[in-house]
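>>> any chance you can model this:
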Amino acid sequence: MTQLTPAEVEALARTAHQGQTDKAGRPYAEHLAAVAEGVRARGGDPEQIAAAWLHDAVEDDALSEEWLADAALSPRTKAIVRALTRRPGEPPEAYARRVLTTPGARLVKEADLAHNADPRRLAALDAPTRARLTAKYARMRALLGPDPRPEAGATPEAERETEPEAERAERPVTKR
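Sure thing, here's the model as predicted:
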């Protein structure tokens, strides 16, 4: 089966979330685009960018788990979307563990948290909602732990040394 192109994934996500707004009343597709761009800016690959576009689709019932299972997406993209899909009644610790143990999911979640916690975005909310969400996002960041990525300008070798074992195993080693 031919996989969906990045443009097709974006169009599908925009259509699936059509008419949906975020807590500030903005079109939800703006959040998806910001997360996808955040993943790209953090060095994410096409599978992670596709997952960024779809990261809330199953959780928000915009697309079904059955759709995801049958979708023309890579197994890794599907695994990332599943990892990022919160389950009813799930403790944050269990959610964070799943994100951390799914190759590629942490970077997408970091981009999601960065956009969700953007002070400009939070400023549009009432004070109690802003405080609640700020605490929620800080707790998730704490559960995910420190960013394992190296500082800007680090060599690919240093980058491989700091990424989780599961992600390191799936990346090809390049010789210089």
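
>>> can you give me the pLDDT of E167?
With respect to pLDDT, E167 has a value of 42.

>>> okay, buried residues for the lengthiest helix in the chain please.
If you go by DSSP state H, the chain has its longest helix at helix 127-144. The neighbour-count check on helix 127-144 (16 or more other CB atoms under 10 Å) flags R130, L133, Y137, M140, R141, L143, L144 as buried. For glycine as for every other residue, the C-beta is placed from the backbone atoms N, C-alpha and C.

>>> cool, stretch 81-92 as well?
Within stretch 81-92, the residues that qualify as buried are V81, R82, A83, L84, T85, counting by 16+ other CB under 10 Å.

>>> repeat for stretch 46-63
47-58, 62-63.

>>> same deal with stretch 11-24?
The neighbour-count check on stretch 11-24 (16+ other CB under 10 Å) flags L12, A13, A16, H17, D22 as buried.

>>> hmm, which two among those residues are most spread apart?
Distances among these were taken as CB to CB; the most separated pair is L12 and D22, at 19.1 Å.

>>> circling back: of all the buried residues of helix 127-144, which comes closest to E93?
L143 (6.2 Å).

>>> thinking again about what came up before, could you export the buried residues of stretch 81-92 as JSON lines, including pLDDT and distance to P103?
Listed next are the buried residues of stretch 81-92 as JSON lines, based on pLDDT from 0 to 100; distance: CB to CB, whole Å:
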{"residue": "V81", "pLDDT": "97", "distance to P103": "13"}
{"residue": "R82", "pLDDT": "97", "distance to P103": "12"}
{"residue": "A83", "pLDDT": "98", "distance to P103": "9"}
{"residue": "L84", "pLDDT": "98", "distance to P103": "13"}
{"residue": "T85", "pLDDT": "97", "distance to P103": "16"}
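
>>> among these, which are in helices?
Taking DSSP H as the definition of helices, these contribute V81, R82, A83, L84.
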